[in-house]
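**Student:** predicted model, plus sequence, below.
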Amino acid sequence: MFRMISRLSWYRCRAAEWRQRVRPHRRSFSGTGGDAEALRTTLHVPFYARPWFWVLILTPAAGGASFLLYWSYLNPYPENVRSHLRRAMIMHNYTATPEDAEAEYINALQECARSGLDPYSAETTGILLRLADLYEKLQKPDSALQVYGSVLIPYGNVDAGVSGKPLLDKQTEQRLRKAVGIAQRIGDIYKARGQLGEAERFYEWSVKPMLGLYVRPPVVSAGTGPATTLWTAMGSSHLHSHIMTDEQAHASLAQHLHSNERDDRHIPDEDELVAPSANLRYETWATAQDLGASLESLAILYAMQHRNDLALTLFFRALQFLKEDAHIVASRRTLWSRLKSMMAHTRPGDDPAVYQCRSAILHNNIAESYVELGKKYLPLAERYASGAYQLAEEVDRQPGSPICKECAVTARCNMGTIAEMRGDLKKAFSHFVACRNEAANMQWTDGVRVAREGMQRVRSTG
């Protein structure tokens, strides 16, 4: 018993000694007249008293509760649709076999039809758009086109009133905004497949309704994909009254965006274009951002078709709309959004660096279009290529904004090509070397390849 008491006393002494070592020293503060109370170290704070413990516990719990609340009470779908849709979304986004989600999406659509949901409702078309996105992920462009097209037809048509003017209520405007985005997506798929003529039809239509030129949307080429069968089973697609014929809409679009005659073409300069709000009016349901993006997509397509006179007109228009959109966003930013920007938590669309980078890309596209038109326009091409490089460099110099490096490298290579066409080989070679180095630093193989090809051309010419 004596040995046990002695050993227990020894352990107590050792524990007291250890606590004395880890306890911080008492600190004397001048003017207080004494010593401050010693504080325990964090080794003595239990887990449940630490803030990060409750964050780890409550964050997943709050997320799970929100998920269950939405799917149980706030979800607009009937119960027989929810189960299929839940499984489809999990398979689509969180498993290694997203192809299994196709059957679940189809089952959800069939249950929507059995439940009596409107085939043109936001709930039903939302499932269709998810299915189209799945087909794109599975690299099935034909099926994706069929699904997108099945939504575009009913959403892109507008009823005509007794006076012949379009009847635009809030729901129709929402559907038109969605239809514009769908037409853009269809055009992107066709462009990626090299079908530029088909892409042009959908890109052009995406611009027309925003300018008030209401015409029936183009139809995706007939196919035997699952979308056609699904949509027919859910309800036949009725076509609304059309406000304009295709010929009238095409003529009006050309009148809005300049004539497309190529014999007596006029290459516009930016100074010749007035502000879009005074020269190119768009519908109230459209935004400057949407219209500018559609014009830019159509301009890129025209440039790929070597129709650079048309491309330049639309690039300038898109640049003007970009400036207008940036001004609107800046004027609407509240004090809280400015504080969020200072804390680097602003949304990408509200970040001034994003607008500046997009402006640099448009300047680059304008420069390339001028280069395609020949030596007569090289001074203008050099001006816009240099402007693109300066804008991109300003963005990249900002902390936390390395979003425009590829544009800067492309502009540098374009400046080398322009100098090469003007016969200044020394300047061209220096631009190509700088382009190669910048592309190598960011490990962009395409940029390195283009720069080396330019250097080889200059060496062989010199």
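**Tutor:** That came through fine.

**Student:** when you work out contacts or count neighbours from here on, use the C-alpha atoms and nothing else.
**Tutor:** Noted.

**Student:** what's around the closest residue to residue 138 other than its chain neighbours, how many residues?
**Tutor:** Excluding its sequence neighbours, the residue lying closest to residue 138 (CA to CA, 6 or more residues apart in numbering) is residue 99, at 6.9 Å. Neighbour count of residue 99, defined by other CA atoms under 10 Å: 16.

**Student:** quick check: residue 99 touching residue 92?
**Tutor:** Yes. Using CA atoms under 8 Å, residue 99 makes contact with residue 92 at a distance of 7.4 Å.

**Student:** overlap in contacts, these two.
**Tutor:** residue 134 (CA atoms under 8 Å, 6 or more residues apart in numbering).

**Student:** per-residue pLDDT of the residue nearest to residue 138, please?
**Tutor:** We have a pLDDT of 94 for residue 99.

**Student:** help me confirm that it is found in a helix?
**Tutor:** Yes. Residue state for residue 99 (DSSP: H, G, I helix; E, B strand; the rest coil) corresponds to a helix.

**Student:** and the residue lying closest to residue 204 once chain neighbours are set aside, which helix or strand is it part of?
**Tutor:** Counting by CA to CA, 6+ apart, residue 298 is the residue found nearest to residue 204 once chain neighbours are left out, at 6.7 Å. Here residue 298, judged by DSSP states H and E, is contained in helix 288-304.

**Student:** returning to that earlier point: what about the residue nearest to residue 204, distance to residue 365?
**Tutor:** Counting by CA to CA, to the nearest Å, the separation of residue 298 from residue 365 is 12 Å.

**Student:** report the secondary structure element holding the nearest residue to residue 135 once chain neighbours are set aside.
**Tutor:** Distance criterion CA to CA, 6+ apart; nearest residue to residue 135, sequence neighbours excluded, is residue 144 at 5.2 Å. With elements taken from DSSP H and E, the one containing residue 144 is helix 141-156.

**Student:** next secondary structure after that helix?
**Tutor:** Defined by DSSP H and E, the subsequent element after helix 141-156 is helix 170-192.

**Student:** tell me what that next one is packed against?
**Tutor:** Packing contacts for helix 170-192, counted by 3 or more CA pairs under 8 Å, 6 or more residues apart in numbering; DSSP states H and E, involve helix 141-156, helix 196-207.

**Student:** list the buried residues for it?
**Tutor:** 172-173, 175-191 (16 or more other CA atoms under 10 Å).

**Student:** neighbour count: residue 298 and residue 365, which is higher?
**Tutor:** More neighbours surround residue 298 than the other of residue 298 and residue 365, with 27 against 24 (other CA under 10 Å).

**Student:** would you confirm that that one contacts residue 203?
**Tutor:** Yes. Using CA under 8 Å, residue 298 and residue 203 qualify as a contacting pair, with a distance of 5.6 Å.

**Student:** what residues of the helix or strand where residue 129 lies count as buried?
**Tutor:** For residue 129, the enclosing helix or strand under DSSP H and E is helix 122-137. Residues 123-125, 127-136 are the ones in helix 122-137 that count as buried (16+ other CA under 10 Å).

**Student:** what is the helix or strand harbouring residue 379 packed up against?
**Tutor:** If you go by DSSP H and E, residue 379 is part of helix 378-397. Helix 378-397 sits against helix 352-372, helix 405-421, with contacts defined as 3+ CA pairs under 8 Å, 6+ apart.

**Student:** kindly export that helix (C-alpha atoms) in CSV.
**Tutor:** The C-alpha atoms that make up helix 378-397 are tabulated as CSV, following Å, rounded to 0.1, in the frame of the first residue of the first chain:
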residue,chain,number,x,y,z
LEU,A,378,-2.8,46.0,-91.7
PRO,A,379,-2.5,49.4,-89.8
LEU,A,380,-6.0,48.8,-88.4
ALA,A,381,-5.1,45.2,-87.6
GLU,A,382,-1.9,46.2,-85.8
ARG,A,383,-3.9,48.8,-83.8
TYR,A,384,-6.4,46.3,-82.5
ALA,A,385,-3.8,43.5,-81.9
SER,A,386,-1.7,45.9,-79.8
GLY,A,387,-4.8,47.0,-77.9
ALA,A,388,-5.8,43.3,-77.3
TYR,A,389,-2.3,42.6,-75.9
GLN,A,390,-2.4,45.7,-73.6
LEU,A,391,-5.8,44.8,-72.3
ALA,A,392,-4.9,41.2,-71.6
GLU,A,393,-1.7,42.2,-69.9
GLU,A,394,-3.5,44.6,-67.6
VAL,A,395,-5.9,41.8,-66.6
ASP,A,396,-3.0,39.4,-65.9
ARG,A,397,-1.2,41.9,-63.8
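
**Student:** and that helix with helix 405-421, angle?
**Tutor:** Interaxial angle of helix 378-397 relative to helix 405-421 (axes from the mean of the first three to the mean of the last three CA atoms, to 10 degrees): 150 degrees.

**Student:** now residue 77: how far from residue 127?
**Tutor:** Distance, residue 77 to residue 127, using CA to CA: 11 Å.

**Student:** what's in contact with the helix or strand hosting residue 82?
**Tutor:** When elements are assigned from DSSP H and E, residue 82 belongs to helix 79-94. For helix 79-94, the surrounding residues in contact (CA under 8 Å, 6+ apart) are 71, 97-105, 107-109, 111-112, 134.
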